[in-house]
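J.: dropping the sequence and predicted coords here.
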Amino acid sequence: MARGVFGKILSSLTLFSFLCVLLCTEIFSAGGIEPDSAAQIPSFSGSVSEIVDGNNRFAADMYLELGGKQNNAFFSPWSIYSAIAMVYEGARGKTSDEMQSVMHFPKDNSTRRQSFASLYGRFNANDSEYVLSNANALWIQKEYPLLSEYASVVDKYYYGKAENVDFIGAPDGARKTINSWIETNTDNKIKDLMPSGSIDLNTRLVLTNAIYFKGTWVKEFDKNATRDEQFKTGDGRTIQIPMMSLEGSRFNYTETENAQILEIFYGGKNISMLIFLPKEDNLSTLEKTLSAKQIAEWKSGLNKQEVEIHIPKFTFNTKYFLAEDLGNMGMPTAFTSGADFSGISFEKPLFLSNVIHQAFIDVDEKGTEAAAATAVEAATLSLAPKTPVFRADHPFIFIIQDKKTGLIMFMGRVSDPGEK
């Protein structure tokens with residue numbers, strides 16, 4: 001490939017920067033977006049169990065890493081997982097080994113790539129009862145030489161649409177172009193993901209992932225039943241917050257010695273929210289046991305029964321710069337001059353300069369009412385069992401999952417629902 005003047009410019013640099021940008025988006029807002037109609041979306045087929053397990057293990061690990069940063073936490077493990085997977089395709093040696101260990105990627109190329117392609121198709125399939133879309137893009141310095149094999153893999157399996165921008169001549173213009181794409185693919189809920197100065201003359205490649213979800217409850221919360229009630233925050237304060245209530249309905253529910261677990265479905269019943277509420281207001285004890293395996297065990301114990309539920313309304317905006325976190329988790333080399341991304345380009349060494357992740361969630365009473373399934377259970381002639389009360393008036397953990405595969409798309413902690 002001819003390099004010309006651009007090649008001379010590159011040869012004067014001692015090191016390239018590599019910026020990986022990740023984001024997720026909103027729950028329950030008005031409006032919606034459609035996936036890129038030009039993309040050929042594959043059908044959902046084959047086993048994706050290794051990718052789902054890897055994503056969920058990473059989700060629990062990242063939750064524990066982010067736990068101490070803010071009162072509330074909210075992120076999309078699938079967004080981060082997908083974007084870093086595109087980078088991992090070009091990693092080699094120690095860099096690759098560290099990334100694989102932290103992200104729990106399947107080592108077999110065929111398994112990993114086919115699984116991502118299948119899940120991309122599943123998460124972009126049209127459904128009349130909710131909106132879910134997932135988009136990837138590569139933003140490349142014009143004339144920058146990517147290896148054809150790498151570009152082909154990202155295009156074929158990750159549906160990463162490549163776009164040329166001018167990081168050298170117009171870095172702020174490139175930043176605005178990327179931010180505009182992000183806003184479009186998140187129904188304008190994620191704005192200014194990349195702050196001023198996040199792109200500079202050394203930037204050569206930016207990878208972005210956007211995931212958008214809009215769903216409504218199968219069983220609607222009555223707005224007239226929402227009341228201001230007390231909530232004990234993670235730092236010990238007692239605040240007044242709007243608490244949604246619903247009685248006389250059946251939900252998937254179970255409880256253990258230390259926690260109550262509740263599952264609430266969105267329209268279509270393909271996606272659900274699971275809430276893990278500690279007993280005795282002891283979230284730290286619950287978090288110490290948190291893992292993908294533990295979440296799976298909690299889910300396996302769910303049974304449909306009548307539950308009286310009380311859940312706070314909340315809206316969060318979160319933003320994380322994850323380079324240090326991912327380094328702490330075991331992949332520091334990717335962010336140093338010793339990084340090996342020679343599978344991306346034959347030019348001078350690339351390294352990750354940052355990983356930016358921004359998320360938005362808005363949970364309220366909106367939803368559509370649908371007929372609930374009814375189960376008849378054998379019982380003795382003693383008094384009817386007491387209906388469990390699920391009162392989330394203290395900090396809790398929640399996830400939003402794809403029900404069929406069990407993949408965790410979003411994960412968070414509500415420690416102070418009054419904090420925006």
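T.: Alright, I've got the coordinates.
J.: that's a strand at residue 324, yeah?
T.: No - checked against DSSP: H, G, I helix; E, B strand; the rest coil, residue 324 lies outside a strand; its state is helix.
J.: quick one: it and residue 276, what's the gap?
T.: 27 Å (C-beta to C-beta, to the nearest Å). Quick note: C-beta positions are derived from backbone N, CA and C, even for glycine.
J.: next: residue 364.
T.: 21 Å.
J.: more neighbours, these two?
T.: residue 276 (23 against 17; other C-beta atoms under 10 Å).
J.: what residues are bridge-paired with the more buried one?
T.: Beta-bridge pairing of residue 276 under DSSP bridges involves residue 261, residue 397.
J.: next, residue 410: secondary structure please.
T.: Applying three-state DSSP: residue 410 is strand.
J.: and it, what pLDDT?
T.: Listed pLDDT for residue 410 reads 91.
J.: contacting residues around it?
T.: By C-beta atoms under 8 Å, 6 or more residues apart in numbering, residue 410 lies in contact with 24, 27, 74, 75, 76, 77, 78, 213, 359, 361, 399, 400.
J.: any of these buried? List them.
T.: 24, 27, 74, 75, 76, 77, 78, 213, 359, 361, 399, 400 (16 or more other C-beta atoms under 10 Å).
J.: doesn't residue 286 lie inside a strand?
T.: No - under three-state DSSP, residue 286 sits outside any strand and is assigned helix.
J.: excluding chain neighbours, what is closest to it?
T.: residue 278 (4.2 Å; C-beta to C-beta, 6 or more residues apart in numbering).
J.: just to revisit the earlier point, now the contacts of residue 410 as a markdown table including pLDDT?
T.: A markdown table is the format used below for the contacts of residue 410 (pLDDT from 0 to 100):
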| residue | pLDDT |
| --- | --- |
| 24 | 34 |
| 27 | 37 |
| 74 | 88 |
| 75 | 89 |
| 76 | 90 |
| 77 | 92 |
| 78 | 91 |
| 213 | 81 |
| 359 | 84 |
| 361 | 84 |
| 399 | 93 |
| 400 | 92 |
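J.: in helices, which of these appear?
T.: 77, 78 (DSSP state H).
J.: make CSV out of the buried ones among the contacts of residue 410 and add distance to residue 262.
T.: As requested, these are exported to CSV (distance: C-beta to C-beta, whole Å):
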residue, distance to residue 262
24, 23
27, 17
74, 18
75, 21
76, 21
77, 21
78, 22
213, 19
359, 22
361, 17
399, 12
400, 13
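J.: could you pull up the contacting residues of residue 67?
T.: 73, 287, 413.
J.: same check, this time on residue 138
T.: The neighbourhood of residue 138, defined by C-beta under 8 Å, 6+ apart, consists of 86, 151, 154, 160, 161, 162, 163, 205, 206, 207.
J.: which of those residues count as buried?
T.: Buried among the contacts of residue 138 by 16+ other C-beta under 10 Å: 86, 151, 154, 160, 161, 163, 205, 206, 207.
J.: can you check what pLDDT the model gives the residue nearest to the third one when sequence neighbours are not counted?
T.: By that I understand residue 154. Once flanking residues are discounted, residue 154 sits nearest to residue 160: 4.1 Å by C-beta to C-beta, 6+ apart. Predicted confidence (pLDDT) for residue 160: 81.
J.: check contacts around residue 160.
T.: If you count contacts by C-beta under 8 Å, 6+ apart, residue 160 has them with 86, 136, 137, 138, 154, 207.
J.: what do you get if the cut-off is 7 Å, keeping everything else the same?
T.: 86, 136, 137, 138, 154 (C-beta atoms under 7 Å, 6 or more residues apart in numbering).
J.: picking that back up, any quick PyMOL command for the buried ones out of the contacts of residue 67?
T.: Selecting only the buried entries of those in PyMOL, with 16+ other C-beta under 10 Å as the criterion:
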select buried, resi 73+287+413
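J.: just the contacts of residue 67 now: which is nearest residue 101?
T.: residue 287 (22.3 Å; C-beta to C-beta).
J.: tabulate the contacts of residue 160 (a markdown table), appending pLDDT.
T.: Output for the contacts of residue 160, formatted as a markdown table (pLDDT from 0 to 100):
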| residue | pLDDT |
| --- | --- |
| 86 | 90 |
| 136 | 82 |
| 137 | 83 |
| 138 | 81 |
| 154 | 89 |
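J.: out of those, which is nearest to residue 417?
T.: residue 136 (32.3 Å).
J.: now the closest one. Nearest residue, chain neighbours left out?
T.: residue 160 (4.2 Å).
J.: how much space between that neighbour and residue 266?
T.: 28 Å.
J.: got it, and residue 222?
T.: Taking C-beta to C-beta, one finds residue 222 at 18 Å from residue 266.
J.: mind checking the SS state of residue 54?
T.: Three-state assignment for residue 54 (three-state DSSP): helix.
J.: about what we covered before: read off the pLDDT value for the residue nearest to residue 286.
T.: Residue 278 carries a pLDDT value of 94.
J.: that one: what's it in contact with?
T.: 258, 259, 285, 286, 396.
J.: just the pLDDT at the first one, thanks.
T.: Confidence at residue 258, expressed as pLDDT, is 90.
J.: now do the strands in the stretch 101-250 of the chain.
T.: 130-141, 160-165, 203-215, 227-232, 238-255 (DSSP state E, counting those that start in this stretch).
J.: can you list the strands that the third one pairs with?
T.: In other words, strand 203-215. Here, using DSSP bridges, strand 203-215 pairs with strand 17-23 (parallel), strand 130-141 (antiparallel).
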